[in-house]
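1. Show me the folded form of this:
(one chain, ligands or ions: 1)
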Amino acid sequence: MEEHTLGRRFRDIDSSGDAAQLLEYLDGYGSIPAVREEKQASLALLELGRGAAALDVGCGTGDDVLALAALVGPDGAAVGVDPSASAIAEAKRRGAGVRQASFREASAEHLPYPDATFDACRSDRTFQHLADPEAALRELIRVTRPGGRLAVTEVMNILLIDGAPDPSTTGRTVLGELWASRERTTWIGYMLPLLIGRAGLVGAGARSQERAVSSFDAIQRMFPVRRLAHSAVSAGRLAAADADRWLADLDSAAERGGLELRMMFLHAYGVKPPA
Ligand SMILES: C[S@@+](CC[C@H](N)C(=O)[O-])C[C@H]1O[C@@H](n2cnc3c(N)ncnc32)[C@H](O)[C@@H]1O
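-> Numbers count the residues shown, from 1 in each chain. I've put the predicted structure just below:
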């Protein structure tokens, strides 16, 4: 069952059989106001000036690279890498006409750049998908110049349902379509400051910020419960009647104001020691 989860499919978007839906999910998620604000906060940790060169690892559809491009200006360089050809094609489409933005197919574990290429490197909600996050971190550090900054962000999400039958088998089955309990998922966010400190960065630190989202519409961009319930039914993991009952309960919880998404944004950062 775990091979079908959203978390697993992000490891290899192109082989997921559903690249368009995964990219659409990224857009929905990125449109949540709290997410946009925290993305700005994570970009600020890089302390980029005009003319700087910055790298976003696991850039997805490239919107954060375009934000980096705005920060570094036309004389800088904002580069995005992602192993997914579909994501990079979409990122290139969005970045057409922004001369300082560029995109390349590559994995975090093997960055196709010489040592000390970038003034700053970042990664957002990508480390949770990596088989070897420490190897990736070494690569980010390698391509950063001495004195350059790194920032890695993860988000941990909890869906609170007041008065509805969750946790229940139905709730776990539906939400299990997103992440399997034995996946690494976002707890890696809590480990990142330790990994960054162990990797020898100076001034290593962490900033965490919890945000609450109560609009059912915004919550569904993160937890698309209807689609997930239907796919659990089609896959034979859930009876249709149980799915309908659970969704109806969720609707009444939402009407009562009994739904809340708690998002814990975890930003870890540090500076590569000056040479
Ligand atoms: C949840 S998405 C986040 C995308 C983007 N950073 C954002 O915040 O919208 C995770 C991204 O990690 C990418 N990814 C998966 N494995 C990777 C790897 N080994 N190296 C770099 N990126 C990877 C996926 O292709 C996907 O675009």
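
2. Contact residues of the stretch 51-200 of the chain facing the ligand?
-> Residues of the stretch 51-200 of the chain lying close to the ligand (CB under 6 Å from any ligand atom) are 57-60, 64, 82-84, 87, 107-109, 124-126, 129-130. Backbone N, C-alpha and C define where each C-beta goes, glycine included.

3. same thing but at 8 Å, please
-> Contact residues (CB under 8 Å from any ligand atom) of the stretch 51-200 of the chain with the ligand: 56-61, 63-64, 81-84, 87, 106-109, 123-126, 128-131, 136, 153.

4. residue ranges for the helices of the chain, please.
-> 6-9, 19-30, 33-44, 63-72, 85-95, 133-143, 169-175, 188-198, 216-222, 225-234, 240-255 (DSSP state H).

5. you'd agree Gly62 is up against Ala96?
-> No. The criterion here is CB atoms under 8 Å, and Gly62 misses it with Ala96 at 10.6 Å.

6. Return the distance of the residue of the chain most remote from its centre relative to the ligand.
-> No residue in the chain sits farther from the centre than Ala241, which is 33.2 Å out by CA atoms, centre = their mean. The gap separating Ala241 from the ligand is 33 Å, by CB to the nearest ligand atom, to the nearest Å.

7. For the stretch 51-200 of the chain, give me the ranges with low pLDDT.
-> Scanning the stretch 51-200 of the chain for pLDDT under 70 picks out the ranges 164-167, 179-186.

8. Stretch 168-177: which residues count as buried?
-> 170-171, 173-177 (16 or more other CB atoms under 10 Å).

9. actually stretch 111-124, not the one I typed
-> For stretch 111-124, the neighbour count (16+ other CB under 10 Å) marks 111, 113, 117-124 as buried.

10. List just the nearest of those to Phe216.
-> Proximity of those to Phe216 (CB to CB) peaks at Asp124, which lies at 25.1 Å.

11. residues contacting that closest one?
-> If you count contacts by CB atoms under 8 Å, 6 or more residues apart in numbering, Asp124 has them with 39, 42, 56, 58, 64, 152-153.

12. Report the beta-bridge partner residues of it.
-> Note on Asp124: beta-bridge partners Thr153, judged by DSSP bridges.

13. what's the distance between it and Ile13?
-> As judged by CB to CB, to the nearest Å, Asp124 and Ile13 stand 15 Å apart.

14. now Ala108
-> From Ala108 to Ile13 the distance is 14 Å (CB to CB).

15. Same question for Gly97.
-> In terms of CB to CB, Gly97 sits 24 Å off from Ile13.

16. Compare neighbour counts for the two and give me the winner.
-> Neighbours per residue (other CB atoms under 10 Å) separate Gly97 from Ile13, with Ile13 holding more: 24 against 6.

17. The more buried one contacts Ala89, correct?
-> No. Between Ile13 and Ala89 there is no contact under CB under 8 Å: 11.0 Å.

18. Count the neighbours of His110 for me.
-> Neighbourhood size, His110 [other CB under 10 Å]: 11.

19. That one pairs with what?
-> Those that pair with His110 in a beta bridge, by DSSP bridges, are Ser107.
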